[in-house]
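> What shape does this take:
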Amino acid sequence: MKKEEWQEKGAGHRQRLREKFLEKGIDAFTDSEVLELILTLGTPRKDCKEPARKLLEEYGTLARVLELSQSELSKSPGLGDKNTFAIHFIHAVARRYLQQRLKDKQYISSSRDIADYLVHAMRDLKKEVFWVMFLDASHGIIDSEFLAQGTINSNTIYPREIIKKALEYNAAAVVLAHNHPSGKVLPSPEDRQLTSALYKALSYVSVAVLDHFIVGGEQKPYSFADHGLMEQIKQDWPGDLR
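Reported below is the predicted structural model:
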């Protein structure tokens, strides 16, 4: 096949994928087709079907591919800098969208959206990160931020930094979250100690800690509140905000 014929055939295939998306939406796509279209954003005149297939074959899921680092992607055959840029950009846009979708919603009615965001933002990170959501007096969501990275424990999470941010947002309550790169979501003794320490510190400035989520892999995030651990912390602390 001549180069001109191959390019024409590839252009036709990409156009059919675009039309398929416009007509039927993302649910009609396989993960391979989704990834192929993402890669074409970086190299619109290059056939990206085979690189997309190989990425999924090696890493298993679209989510895992989107979380790959620059160095990991560079090892995959058929991918250039523009392709890896497209993958990282799409993933960053999705994260920002999920984060901004939470703003101005009620925390109590948005648990699924919060879980979706946390899993997307944290599930495949190689290092632990610590996240805080700030809520107003009616538990409306003001904003959220990542405040620390590295080994997450009571020695690396400084209460004064969270207190400072809470006061800046004029927050009445917070929700905490961090990830376990191992994929396990059960809290360690250090996780319990950290949650208790932050609960006590924030109570001095009348900011309540409503929950602490642990994220690991594709699993549903572990909730301290749902498992009764927040209630235990409240009962153990005489300075509770009740």
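> Which parts of the protein belong to which domain?
The domain map for the chain lists 3-96, 107-236, with the assignment taken from automatic domain parsing.
> average model confidence for the first one?
Meaning domain 3-96. Domain 3-96 carries an average pLDDT of 79.
> for this protein, what spans make up the helices?
For the chain, applying DSSP state H gives helices covering 3-24, 31-42, 49-59, 62-66, 70-74, 81-102, 111-122, 159-168, 189-203, 229-236.
> what's the neighbour count on the residue nearest to residue 88 when sequence neighbours are not counted?
With sequence-adjacent residues excluded and distances taken as CB to CB, 6 or more residues apart in numbering, residue 88 is closest to residue 70, at 7.3 Å. Using the backbone N, CA and C atoms, a C-beta is placed for each residue, glycine as well. Neighbour count for residue 70, taken as other CB atoms under 10 Å: 11.
> Kindly report the same for residue 213.
Burial of residue 213, expressed as a neighbour count using other CB under 10 Å, amounts to 25.
> what about stretch 224-234, average pLDDT?
Stretch 224-234 shows a mean pLDDT of 92 in the predicted model.
> What's the end-to-end length of that stretch?
With CA to CA, to the nearest Å applied, stretch 224-234 spans 12 Å between its terminal residues.
> Now find how far off-centre it is within its chain.
The chain centre lies 24 Å from the centre of stretch 224-234; the measure is CA atoms, centre = their mean, to the nearest Å.
> before we move on, the earlier item: which of the domains of the chain has the highest mean neighbour count?
Across the domains of the chain, the average number of neighbours (mean count of other CB atoms under 10 Å) peaks for domain 107-236, which reaches a mean of 17.
> residue contacts, the residue nearest to residue 121 when sequence neighbours are not counted?
For residue 121, ignoring the flanking residues on the chain, the nearest one in space by CB to CB, 6+ apart is residue 95 at 5.3 Å. Applying CB atoms under 8 Å, 6 or more residues apart in numbering, we find residue 95 in contact with 117, 120-121.
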